[in-house]
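>>> sequence and predicted structure are below.
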Amino acid sequence: MRLKLRTKTALLITSLVLTLVGVAGWWQYRSLSSEYINLMREQQQALTDSAAADLDYKLEIHLAALERAARELGVHGFADPAAQQRFLADQDLRAMFDNAALATLDGAIVAINPPTSRPSNVGDRDYFRRVRDMGQPAISAPLLTKSTQQPAVVMAVPVEGPGGRLAGVLGAALNLQRANVLGDLSRATIGRGGYYMIVTRGPSPQVVMHPDANLLLKPAAAVAFNGGTENDMATRAAVPSADWELRLIVPARIAYAPLEQARRNLLLQLIGLGLGCALLVWLGTAWVMRPLEALSGAIRTLRRSPDSEVRLDVVANDERGDLAREFDALMTDLREQRLEMAAVTDASPVGLFRCDSDGRMTYVNDEYLAIHGLERKDAEEGWLTLVREEIRETVRQDWVRVVSAAAPLSATRRLHRRDGTQVLVALRSRPVLAEGRVLGHVGTVTDITERTRAERALRTLTAIFDMTTDYIVQLDAAGRLIYMNPAARRRTGLALDAPVEQFSAADFNPPETMERFRSEVVPTAVKTGVWVGESMVWDAEHNEFPASHMVIAHRDKRGKVEYFSGLMRDISSAKAAERALRDSEHRLRMVTDHLPALVSYLDRDLRLRFVNKAYQDWFGVQPEQLLGLSLREFYGNEAWAQMEPHMRAALAGRQVTYERRLVTPGGRRDIQATLVPERDEHGEVIGLYTLDSDITAHHEAEEALQESEARLRTVADALPMRVAYIDAEERYRFNNLAYERGFGLSRDQIEGHTVKELLGEPAYEAVQPHIRAALAGEVVTFQSEIDKSDSYYCYEAQYIPQPAVNDEAIVGFHAVITDITRQKLEEKRLVNLAQIDPLTGLANRAGFEVRLAEAMERARGPGALMALMYLDIDGFKKINDQFGHQTGDELLRGFAGRLSQALRSGDVRARLGGDEFTVIMEGLPNADAAISAAAKLIKAMQAPFTTEQRKIAISTSIGVAFYQGGTATAAALVKQADEMLYQAKGAGRNNFQVAPRPVEGKRM
C-alpha cells in the first residue's frame, strides 16, 4: 500500500511524540512506583511496630497480673491444695488466660483451673526449669499442652513462700486457637488480604501465631516468608517481652494493585494521546501539504496536456512558494523551448512526424501535410486514405507492426493524393525508446517524385548508350577517358569491366587524328559547343577505320568546359554508312523520343525540320504537324520576342544556353534551352540543334532550399542557445548568431575552421570523445563546467548526428549548446539549503547521511580507515529547561564552534538534531588518531561557555566507531557509535568510549 507524504509525516511525528511521552511516562512511573513502594513499606513497618508494641504491652500486662496472683498466693501459703484450688478459682485469671496451674518445685501440678481429672507434671518443660532455676518470669515457646494436646503458650512466674524462698511456679496458658490476645491478632486483617504472624526468635524459630491453624508450632522455615511469593510485602518487629518476632504480610497482588492500575491507566492515556496526536498531526500536515498536492496535480495535468492552464501558489513567502515559483519558471522555459522547436520543425522543408506504438500520428509539421495533401484534422491516420483501398488494411497492420518494433525504418511509398495526383515519398523513421520500451517512432517524409523521374531518365539514357552500336566516349577537359560504352570497348579491344581512367584520347586515335583534335576539333567544340565531322580511329589491332564523329563540349554553370562527349560511327563502306545512318537516325529518334526534354533541328530560316515525341507530350500536337512551322508561328510573337536574340546568336555560330518560361497545356514550365549550330564543310551555319530541358522542379527545389535555408538561419539566429553544424572533418559549416556572440567571432572567422582551432587544445581534448561518438551515429548529451575563482559557467551540449542522404554514413553532426548556469547554481543552492543546519551552520542529518555514504564508499579501498564520532552535551535538557531555549541555542552554536576548531579542516561535522552531533574522520593512519581527537574534544568542551547573560560549564560524552571496508551499512556504523555513546553515559559522562573493532572487517 502506498502511503501519502502527509500520512507518513503524521505517523512519524506521532511515533516520535509517543516515544518521548512513553519514555517520560515510563521513567515517571518507575520513580513513582519506587516512591510508592517505599512509602507503603514505611507505613506497613510503622503498623507492624505499633502492633508489636501493643502485643508486648499486653503480654507484660498478662505477666503482671500473673505475678500479682503469685504474690498473693505466696502470702496465703502453699500448704492446703484445696485452698490453692479455690485461690485459682477466685482469681480472675480466666478473663486473661485459658487456664492457670500451680506446680511444686518438682513440677507436679497441685492446683489447676479449670480442674482436670489427671493433672500432669511439667518438670520437663523448658519454661518451668527457667523459672525454677532463675527465679524470673518466663514465656514458653509454643507447645502442645499435656492435658488437652492443644497448641498454647505458657506464661510462668515464681511463687515465693513467707520466708522469701521459692515455693512453686504459677503458670497460665494462652490457647493459640482461641480468642485471646494472640488469637484476636491472628484473625486481624490488614486491608483486603494482609495478615499477622508471630514466630519465635533464635536458631530454630517456630510459628507462634498464624491465620492458618495448621501452621502453628511448625518450624518457621517450613512456612514460606512473604506468604509464599517473593513479591509479597513483609515487615517485621520484635516483641521483647516474649523474645518473639511479629510479621505483617500483605500479598503482592494487593500491595501493588494501585501501581498496576496506574500502569494500565498510563497505557490507556498514551493510546488516547497517540490517537489524538495522530489526528491533529494528520490534519495539520494535510493543511501544510495542500500546496504540494496542488503542485502534484499541476504536474499531472501538464503531463497529460502541456498547454493546460494550471494555478500555483507562487505568492507564498515560504519554501512551498519557492518551489511553486521555481516550477512555474521551469515550465515557462520548457514551454518556450517547445514553441521554439515547434517553429523550427514547422519551417522544415522535410515532412516531420511522430507516431505512437499503435501507428497513430501524434505530431506532423506543415510540410508533412503538404506532401500528403491533407488537412491537419486528418493528420492522425489520414495518410491511410491515400493508399489503395484493397491493400489499406494490410498496410495499416504492417505499419503498426513496424512502429511497435525497436528497429529503424527506411522505405519508399507511392501515395494517391485526393486531388488525383500521385506522389512517391521516401520514409525514414527511428524508434523512441524509454527503458527498453518502444513508445513510437519519429521520422521524415521526403517527396522524391521528381528526383526519381530524373534518375529513371538517366538510367534510361545510360541503358541506351550501353546498348547503342555507336562508339560513345566521354573525356575530361584534360583528355583523360572517363566513359566508354560497350560498343567502343569491343571495337577497341577493351574489356567491358576494365577501368578507363588511365587511358586518354591518344590511346585510341592515330597521331594525325590527335593533331586534328588539337587544331580543329577541340577548339571548335569549345567555341561552338559541338564539332561534327569524320575522323580516323584505331580498332583493337590498331588498324585505322573511318568514323563519323561528333564532339560535344559540356560546360558547368560558370561556362567552363567540364568534359567532352564523343559520338562515333564506323563509315567503312557506303552500304555500311547508309545502314549505319538509318540505324543512327532510328537510334537517335529512340533516344530523343525517350528523353524528358524537347529536341529539335532548325534550318537557317528557323523552321522546324525535326522534333521528338516530347513535343507531342508537352503540347498535344503530333510531330508531323509541326514540321515546316517557324518558331514564331509555333510559339507566338510574345515568346518569339524572348527567343529571337538567342536564335540570332546561335545562327551567328555561337552555342547558346539560356533559360525561359514556357506555357503549355499542362501548365507553366521553366526550361533550359541549348542551341548548337550545325556547320557545313565550309564552316557556315546551316541549322541549329535545340535541346529544351524542363528545369521547373529544379528551380522550385532551389527556391524551396533557399527559402528553407533562410528560414532556418532566421530561426537559428533567434535561438538563445548556440547552434552549429560540423562536418565529418570537424569543420564548422554553419553557426548562428549566439555562437558568434559566445566566441566573439564573426561567421567568416568560424565557418571553415576546425573545432580544435576554435576551442584550443585543452577544451578540444575534453569534447573529442563526444565528437567521435556523434560521428559514429550516436546522439550525445553532456555538460561542461567552467569553475574559476571569480566566475562559474555550465553548458549543456547535445551533438545530433547527420546521416547522408542514402543513410549509409554520417556526414557530420549538429551541435546545440545551452547555457544552464542559472539552473546549476540554483540546484547547488537548493542542495546546500537542504543539507545545512541553519542554527550551527554544520551539516544537518540529510547532509550527514550523504557524506557518510560517500566516506564509506571511499573507505572500501585497500588500507583505508575511517571513524565516526557520536556525541552530545551532558545535561543539555536541564540547561535548556533552566535558562531557556535562547541560551540553549547559544550553547549549541558555541559547542559547534569548538567542535570545528578542535578537528581537522577536512573532517565532516554535523548536527543531527537537539544536542546530538557527529564527526566523520577519513584517511586515518590508525585508530589512535581518532582516539586522540576524541580526548581533545572532551578537554575542549570542559572550559565554560559564555552566553549573553552567564557562563555555563558543560561536558560531553562521545562514542567512537570505526569502518575499514566490508558490507556493513551506514545504519550499522551509526548504531555502533550510538552504543558507544550510551556506554560513555553509563560510565559517568564526560568521557569517550571506543568500539573494540570496526563495524565489519579486520581488527584494528
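Structure's in. What do you need?

>>> so for the helix or strand encompassing R711, what gets flagged as buried?
For R711, the enclosing helix or strand under DSSP states H and E is helix 696-718. Of the residues in helix 696-718, A697, H699, R711, L712, V715, A716 count as buried by neighbour count, 16 or more other C-beta atoms under 10 Å. Where you see a C-beta, it was placed from the backbone N, CA and C, and this is true even at glycine.

>>> could you do stretch 636-645 as well?
Judged by neighbour count (16+ other C-beta under 10 Å), stretch 636-645 contains these buried residues: A639, W640, M643.

>>> then stretch 46-57?
L47, T48, D49, A51, A52, L55, D56.

>>> can you pull the contacts of R132?
L105, P158, L166, V169 (C-beta atoms under 8 Å, 6 or more residues apart in numbering).

>>> SS state for it?
Following DSSP: H, G, I helix; E, B strand; the rest coil, we place R132 in the helix state.

>>> I'd like the numbering to begin with 3 instead of 1 from here.
Let's use 3 as the start, then, which means that last one is R134.

>>> quickly note the distance from it to S142.
13 Å (C-beta to C-beta, to the nearest Å).

>>> cool, and L597?
For L597, the distance to S142 - C-beta to C-beta - is 155 Å.

>>> more crowded one of these two?
When neighbours are counted by other C-beta atoms under 10 Å, S142 comes out ahead of the other of L597 and S142, with 22 against 18.

>>> excluding its backbone neighbours, what's nearest the more buried one?
Counting by C-beta to C-beta, 6 or more residues apart in numbering, S142 lies nearest to Y129, which is 3.6 Å off, once chain neighbours are set aside.

>>> neighbours of that neighbour, how many?
When neighbours are counted by other C-beta under 10 Å, Y129 registers 20.

>>> and if you look at the one 4 residues further on?
Residues within reach of V133, counting by other C-beta under 10 Å, total 25.

>>> helices of the stretch 303-452 of the chain, residue ranges please.
321-348, 368-374, 391-405, 451-469 (DSSP state H, counting those that start in this stretch).

>>> most packed of the ones you listed?
Neighbour counts (mean count of other C-beta atoms under 10 Å) averaged over each of those peak at helix 368-374, with a mean of 19.

>>> from the chain's centroid, how far away is the helix or strand hosting A768?
Assigned by DSSP H and E, A768 falls within helix 763-777. With C-alpha atoms, centre = their mean, to the nearest Å as the basis, helix 763-777 stands 29 Å off its chain's centre.

>>> mean confidence for it?
The average of the pLDDT scores along helix 763-777 is 90.

>>> quick one: buried residues of the following helix or strand past it?
Following helix 763-777 in sequence order, the next helix or strand is strand 782-789 (DSSP H and E). Within strand 782-789, the residues scored as buried using 16+ other C-beta under 10 Å are V782.

>>> tell me which residues are up against strand 782-789.
768-769, 772, 775-776, 794-801, 822, 826.

>>> who does it pair up with?
In the sheet, strand 782-789 lines up against strand 794-805 (antiparallel) (DSSP bridges).

>>> contacts for the partner strand?
In contact with strand 794-805 (C-beta under 8 Å, 6+ apart) are residues 727, 769, 772-773, 775-788, 811-823, 825-827.

>>> equivalent analysis for stretch 530-546, please.
Outside stretch 530-546, the residues that touch it by C-beta under 8 Å, 6+ apart are 473, 493-495, 510-512, 514-515, 518-519, 522-524, 526-527, 547-555, 557, 570, 573, 655-657, 676, 678-681, 691.

>>> centre of the chain to it, how far?
Averaging C-alpha positions (C-alpha atoms, centre = their mean) puts stretch 530-546 80 Å from its chain's average.

>>> list the buried residues in it.
T530, G531, V532, W533, V534, S537, V539, W540.

>>> helix or strand right after the helix or strand hosting the fifth one?
Okay, so that is V534. Using DSSP H and E, V534 sits in strand 532-540. Per DSSP H and E, the first helix or strand lying C-terminal to strand 532-540 is strand 546-557.

>>> just the angle for that next one relative to strand 532-540, thanks.
Relative orientation of strand 546-557 and strand 532-540, computed by axes from the mean of the first three to the mean of the last three C-alpha atoms, to 10 degrees: 150 degrees.

>>> partners of the next helix or strand after strand 546-557 in the sheet?
On the C-terminal side of strand 546-557, the closest following helix or strand by DSSP H and E is strand 563-572. Strand pairing for strand 563-572, using DSSP bridges, gives strand 473-478 (antiparallel), strand 546-557 (antiparallel).

>>> tilt between strand 563-572 and helix 451-469?
40 degrees.

>>> is the residue nearest to L218 when sequence neighbours are not counted in a bridge, and if so with what?
Distance criterion C-beta to C-beta, 6+ apart; nearest residue to L218, sequence neighbours excluded, is P153 at 4.5 Å. According to DSSP bridges, the residues that bridge with P153 are L146.

>>> ok, now how distant is P153 from S119?
Taking C-beta to C-beta as the measure, P153 falls 22 Å from S119.

>>> what does A154 give?
Distance of A154 to S119, given as C-beta to C-beta: 19 Å.

>>> cool, N367 as well?
From N367 over to S119 (counting by C-beta to C-beta), the distance is 138 Å.

>>> with G865 instead?
Counting by C-beta to C-beta, the gap from G865 to S119 is 106 Å.

>>> which one's more surrounded, the two?
Using other C-beta under 10 Å as the criterion, G865 and S119 rank with G865 on top: 9 against 5.

>>> returning to that earlier point: which of the strands paired with strand 563-572 sits closest to G925?
strand 473-478 (73.2 Å; C-beta to C-beta).

>>> show me the contacts for L354.
T347, Y365, V366, N367, E369, Y370, V444, G445, T446, V447.

>>> got JSON lines for the strands paired with strand 563-572, with mean pLDDT and distance to S359 too?
Output for the strands paired with strand 563-572, formatted as JSON lines (pLDDT from 0 to 100; distance: least, C-beta to C-beta, whole Å):
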{"stretch": "strand 473-478", "mean pLDDT": "89", "distance to S359": "52"}
{"stretch": "strand 546-557", "mean pLDDT": "89", "distance to S359": "52"}
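
>>> select from the contacts of R134 the one having the most neighbours.
V171 (27 neighbours).
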